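K.L.:
Here is a sequence together with a model predicted from it:
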Amino acid sequence: MTTVRLLSDDEVRRIPEAWAVFEDIRATRKSDFVNNFWRALANDPPALARTWAQLKVVMMSEGELSPLVREMIYIAVSTANGCSYCIHSHTAAAKAKGMTDRAHAELLAVIGMAAQTNALVTAMQVPVDEAFQVK
């Protein structure tokens with residue numbers, strides 16, 4: 001259960017700063033759908049605007065990482081952080097950007113392997129090799 005109200009379009013229309021973000025979300029994504037994350041954040045219009053602006057820079061700007069790779073990284077971090085909502089929303093986004101079922105299976109294998117070896121190295125407190133240090 002949410003800890004804040006999920007604002008409807010009618011409610012957000014009465015908050016000009018939040019409504020402007022919703023309109024930008026729709027225009028940028030070329031969709032009428034505004035998901036529950038943004039509807040929750042609309043309770044705090046400055047946080048909504050700031051988060052949407054940051055997300056556009058990190059996830060949608062030109063760069064070395066493809067949009068699909070960015071989504072797959074987001075899935076991995078969301079898994080590590082235990083964010084079910086983000087796992088679901090970014091898996092859907094990755095599939096929309098071309099992630100195949102096989103690629104998803106490989107991603108899950110990498111996430112599982114990393115979780116296992118991270119836990120082992122942390123439990124054993126293995127020191128970082130000098131060869132891996134930035135010089």
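P.N.:
Good, I have the coordinates. Numbering: from 1, shown residues only.
K.L.:
Determine the longest helix present in the chain.
P.N.:
When the chain is parsed with DSSP state H, its longest helix is helix 101-124.
K.L.:
Name the surrounding residues that touch that one.
P.N.:
Defining contact as CB atoms under 8 Å, 6 or more residues apart in numbering, one finds that helix 101-124 is touched by 72, 75-76, 79-80, 91, 94-95, 99. Where you see a C-beta, it was placed from the backbone N, CA and C, and this is true even at glycine.
K.L.:
now do stretch 68-79
P.N.:
So stretch 68-79 is in contact with 58-59, 65, 86-87, 90-91, 93-94, 97-99, 103, 107, 110-111, 114-115, going by CB under 8 Å, 6+ apart.
K.L.:
so where's this protein uncertain?
P.N.:
Low-confidence segments of the chain (pLDDT under 70): none present.
K.L.:
what helix or strand does the spatially most central residue of it sit in?
P.N.:
When CA atoms, centre = their mean is applied to the chain, the residue found nearest the centroid is Tyr74 (4.8 Å). Counting by DSSP states H and E, the element that carries Tyr74 is helix 67-81.
K.L.:
export that helix as PDB, just CAs?
P.N.:
Extracted C-alpha coordinates of helix 67-81, given in PDB (Å, rounded to 0.1, in the frame of the first residue of the first chain):
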ATOM      1  CA  PRO A  67      19.000   3.100 -24.100                       C
ATOM      2  CA  LEU A  68      18.700  -0.700 -23.700                       C
ATOM      3  CA  VAL A  69      21.900  -1.100 -21.700                       C
ATOM      4  CA  ARG A  70      20.800   1.800 -19.500                       C
ATOM      5  CA  GLU A  71      17.500   0.000 -18.800                       C
ATOM      6  CA  MET A  72      19.300  -3.300 -18.100                       C
ATOM      7  CA  ILE A  73      21.600  -1.500 -15.600                       C
ATOM      8  CA  TYR A  74      18.600   0.000 -14.000                       C
ATOM      9  CA  ILE A  75      17.100  -3.500 -13.600                       C
ATOM     10  CA  ALA A  76      20.300  -4.800 -12.000                       C
ATOM     11  CA  VAL A  77      20.500  -1.900  -9.500                       C
ATOM     12  CA  SER A  78      16.800  -2.100  -8.700                       C
ATOM     13  CA  THR A  79      17.200  -5.800  -8.000                       C
ATOM     14  CA  ALA A  80      20.200  -5.100  -5.700                       C
ATOM     15  CA  ASN A  81      18.100  -2.400  -3.900                       C
END
